[in-house]
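[1] Sequence first, predicted coordinates after that:
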Amino acid sequence: MDGYRGRKVTPEERERDHRVVVEITAAGDGIVLRYHHPSQERRPVEKGTWLFVWDTEGRLYVGPDQKWKFHHSCLTASMPVRMAGELTVSGDDGRLVEVQPNSGHYKPTNNHTRAFFRYLKREARDQKKLLDVVTFKNEFTAMTPEEYRAFLES
């Protein structure tokens, strides 16, 4: 769109309102996302679809999925990132259920997605069945779901 300008968040807003941490559920059967507030109790990310960026320093940020108003580069002021896409969160506990590598600005590849998958496994303390609790979708690959799963795990 000609003249379109998404609202860029300031570095202070990014850390205060958009940074999240990855944790495992109390039962150990899934991954939850919580806002990173060192001075406050970490509250879960709300149910819905969120834009996300994983920056070059390994920090994860989420923002509202608001077409034409807010986009991935708003979270980072268009700085380079390791991965960008969409996350789907369900329930009241911030449970991560889906990752979609979808960003028109950053154009993530399958290798970016695999690196993000490995990051989630590390943060979730190498949860053995990550792909059983989180779906990684990729509409832009010619791989079957089974081939894509094997690729991520390789």
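    Good, I have the coordinates.
[2] going forward, measure contacts between C-alpha atoms and count neighbours the same way
    Fine.
[3] Help me confirm that V21 is found in a helix?
    No. Counting by DSSP: H, G, I helix; E, B strand; the rest coil, V21 is not found in a helix; it is strand.
[4] okay but it is in contact with I31, surely?
    No. Counting by C-alpha atoms under 8 Å, V21 sits too far from I31 to count as a contact (10.2 Å).
[5] Between those two, tell me which one has more neighbours.
    I31 (25 against 17; other C-alpha atoms under 10 Å).
[6] Spatially nearest residue to that one, not counting backbone neighbours?
    Leaving aside its sequence neighbours, I31 sits nearest to I24 (C-alpha to C-alpha, 6 or more residues apart in numbering; 4.5 Å).
[7] quick one, what contacts the one you found?
    By C-alpha atoms under 8 Å, 6 or more residues apart in numbering, the contact set of I24 is G30, I31, V32, A124, R125.
[8] Could you give the separation of the longest strand along the chain from the chain centroid?
    When the chain is parsed with DSSP state E, its longest strand is strand 81-90. Here strand 81-90 is found 3 Å from its chain centre; the criterion is C-alpha atoms, centre = their mean, to the nearest Å.
[9] what's in contact with it?
    45-56, 58, 72, 95-103, 106-108, 112-113, 116.
[10] So which of those are in strands?
    Among the contacts of strand 81-90, the members falling in strands (DSSP E) are 48-55, 95-100.
[11] I'd like to know which helix or strand in this protein has the lowest mean pLDDT.
    Between all helices and strands in the chain, the lowest mean by mean pLDDT, DSSP states H and E belongs to helix 72-76, at a mean of 69.
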